[in-house]
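Peer 1: sequence plus the predicted model coming up.
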Amino acid sequence: MLERLGLMPAQASTIASTTDALYWFLIGLSFVFSMGIAGALVYFSVRYRRRSDADQATQIHGSLALELVWTIIPFGLTMIVFVWSANLFVTIKRPPDDALEVLVIGKQWMWKLQHLEGRREINELHVPIGQAVKLTLTSEDVIHSFFVPAFRIKQDAVPGRYTTAWFEATKTGTYHLFCAEYCGTEHARMIGRVVVMEPADFQAWLAGEETPVQAMAVGGDGDTVVEAGAELFARLGCGTCHRDVRGALGPTLAGVFGSDVRLQDGGTVVADEAYLRESILDPRARIVQGYQAVMPTFQGLVSEEGMLQLVTYIKSLSEGRGS
């Protein structure tokens, strides 16, 4: 009803109805308690008002039953909200293993997106219906926030780190995409759209060629993100040191993603996206045990898009291997 009246965005993802149900439950709960408290306030103000100077207040020394009622009922309601919201939070934060991956870079004042298959988009995202889509986000300048009201998802894109979000569209159509974090003078114009397509139509679109405008605006080499990362890896000369041979100056990167890396100081770290990024930009921060601090920094030499390509390529070297 509210959707038809334009008072609520469409419910176009698997989590939209659950999110809205929790939202309306909280609104309803707040309304009931607000009306109950306001009604009790008015009733007691009238019922127990002082009518003359001779009126004396009756002291009440407590009621165990009353204490239990106003303790147990609110506690039970808060536990319902906690379990409900915690379950929804876990669902939102755990993308399915078979999710399609899309790389997202926020930049004043546009969204740059790239599918792992190589297709690039600006302020537009095409996705198939009924397929989970995982977004890996970062920013080139300030904090942005990727917000699709119809999917009930909003995730900050933070410079210097990676964040993730996911959704599964349930209705074909075109939906608004906003930046929900004030990011500068043109913030209000940082808008786009998400186009949900039938799987066959999406595959046909994915196989198409990007326009010259998209190619010039985004740039980059390689037909896929992995291929672009491999080309950048070779162009930067990373393979000169990171080789699986005795006496190599750097550790091999095959199978490193997701593994525990032992450091020179005796500690260990999980080789996730954040660790790979840090190792490229600040290689002396955490030196791998058995190797010297000889790797130069690539700070300022690799763009955010190039960084995502490198990380995706290194991740691909671990596919099919145990972590």
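Peer 2: Here it is on my side, so go on.

Peer 1: would you map the helices across the stretch 1-150 of the chain?
Peer 2: Counting by DSSP state H, counting those that start in this stretch, the stretch 1-150 of the chain has helices at residues 16-47, 64-93.

Peer 1: would TSV of the ones you listed with mean neighbour count, distance to L249 and mean pLDDT be doable?
Peer 2: To be clear about C-beta, it is placed using only N, CA and C from the backbone, and glycine gets the same treatment. TSV is the format used below for the helices of the stretch 1-150 of the chain (neighbours: other C-beta atoms under 10 Å; distance: least, C-beta to C-beta, whole Å; pLDDT from 0 to 100):
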stretch	mean neighbour count	distance to L249	mean pLDDT
helix 16-47	12	50	92
helix 64-93	11	38	91
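
Peer 1: okay if I get these as TSV plus distance to G160?
Peer 2: Shown next, in TSV, are the helices of the stretch 1-150 of the chain (distance: least, C-beta to C-beta, whole Å):
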stretch	distance to G160
helix 16-47	29
helix 64-93	21
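
Peer 1: figure out which of these is closest to A169.
Peer 2: Closest to A169 of the helices of the stretch 1-150 of the chain is helix 16-47 (C-beta to C-beta; 9.7 Å).

Peer 1: next one: the closest one to chain centre, how far?
Peer 2: The chain centre lies 32 Å from the centre of helix 16-47; the measure is C-alpha atoms, centre = their mean, to the nearest Å.

Peer 1: check contacts around M190.
Peer 2: Neighbour list for M190: Q108, W109, M110, W111, N123, H144, F178, C179, C183 [criterion: C-beta atoms under 8 Å, 6 or more residues apart in numbering].

Peer 1: quick one: contacts for the third one?
Peer 2: Neighbouring residues of M110 by C-beta under 8 Å, 6+ apart: I122, N123, M190, G192.

Peer 1: one more pass at 6 Å, please.
Peer 2: Listed by C-beta atoms under 6 Å, 6 or more residues apart in numbering, the contact set of M110 reads I122, N123.
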